[in-house]
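Student: Next input, structure requested:
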Amino acid sequence: HQQCMSVPFSPHPLQHLSCLILKKVLSSPLTSFLLPCVTDSYLTLDEPMNNITTSLGQTAELHCKVSGNPPPTIRWFKNDAPVVQEPRRISFRATNYGSRLRIRNLDTTDTGYFQCVATNGKKVVSTTGVLFVKFGKQPPTGDGL
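Tutor: Now for the predicted structure:
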């Protein structure tokens with residue numbers, strides 16, 4: 001009689017699992033063994049990328065929500081060219097859900113199609129969102145109404 005339960009094995013518990021097998025060996029008490037789980041590789045787009053319309057000077061965040069085994073590598077593109085990070089303005093980082101691209105102090109030249117491409121050596125998935133930066137101030141939030 002075996003019992004298998006998933007236990008976290010890395011900083012990303014959903015991406016790496018190990019299997020704890022408890023097995024009764026002959027007439028001895030329960031002995032535990034830590035063995036790797038046999039899991040199929042996968043790569044899933046968990047949610048389409050968000051579109052953003054905002055104004056000059058604001059900050060925009062685009063999210064790439066993917067999961068996979070093995071864990072995916074994520075690349076960002078703007079209008080089919082790799083996104084280049086700029087200190088204190090354009091940055092992307094890994095998150096527990098995939099990756100986040102943040103652009104601060106937006107300019108109208110930041111308008112474009114943004115794509116994240118995730119690959120884990122077994123599969124590739126991608127999603128695209130539109131960032132539109134318009135002239136003028138962002139409309140009021142309704143706080144003063």
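Student: I'd like to know how many residues surround R88.
Tutor: For R88, the number of neighbouring residues by other Cβ atoms under 10 Å comes to 7. For the C-beta atoms, the positions are set from N, CA and C on the backbone; glycine is no exception.
Student: contacting residues for the closest residue to it other than its chain neighbours?
Tutor: Excluding the flanking residues, the one nearest R88 by Cβ to Cβ, 6 or more residues apart in numbering is R104, at 6.9 Å. If a contact means Cβ atoms under 8 Å, 6 or more residues apart in numbering, then R104 has 59, 88-90 as its contacts.
Student: Repeat the analysis, applying 7 Å as the threshold.
Tutor: Going by Cβ atoms under 7 Å, 6 or more residues apart in numbering, R104 touches 59, 88-89.
Student: Then G112?
Tutor: Taking Cβ under 7 Å, 6+ apart, we find G112 in contact with 78-79, 131.
Student: can you do 8 Å?
Tutor: G112 sits next to 78-79, 130-131 when contact means Cβ under 8 Å, 6+ apart.
Student: wait, P82 sits on W76?
Tutor: Yes. Because the distance of 7.2 Å satisfies Cβ atoms under 8 Å, P82 is recorded as touching W76.
Student: quick one, which of those two is more surrounded?
Tutor: Using other Cβ under 10 Å as the criterion, P82 and W76 rank with W76 on top: 19 against 9.
Student: ok, how many other residues are close to G68?
Tutor: Counted with other Cβ under 10 Å, the neighbours of G68 add up to 23.
Student: residue ranges with poor pLDDT in the protein?
Tutor: Along the chain, segments meeting pLDDT under 70 span 1-39, 137-145.
Student: Q58: what's its closest spatial neighbour, skipping adjacent residues?
Tutor: Q58's closest residue in space is L106 (Cβ to Cβ, 6+ apart), at 5.2 Å.
Student: show me the contacts for the one you found.
Tutor: 54-60, 133 are the contacts of L106 under Cβ under 8 Å, 6+ apart.
Student: Quick check: beta-bridge partners of G129?
Tutor: Counting by DSSP bridges, G129 is bridged to F114.
Student: now the strands for this structure?
Tutor: In the chain, the segments counted as strands under DSSP state E are 3-8, 17-24, 30-36, 42-47, 52-55, 60-69, 73-78, 81-82, 90-95, 98-103, 112-119, 124-134.
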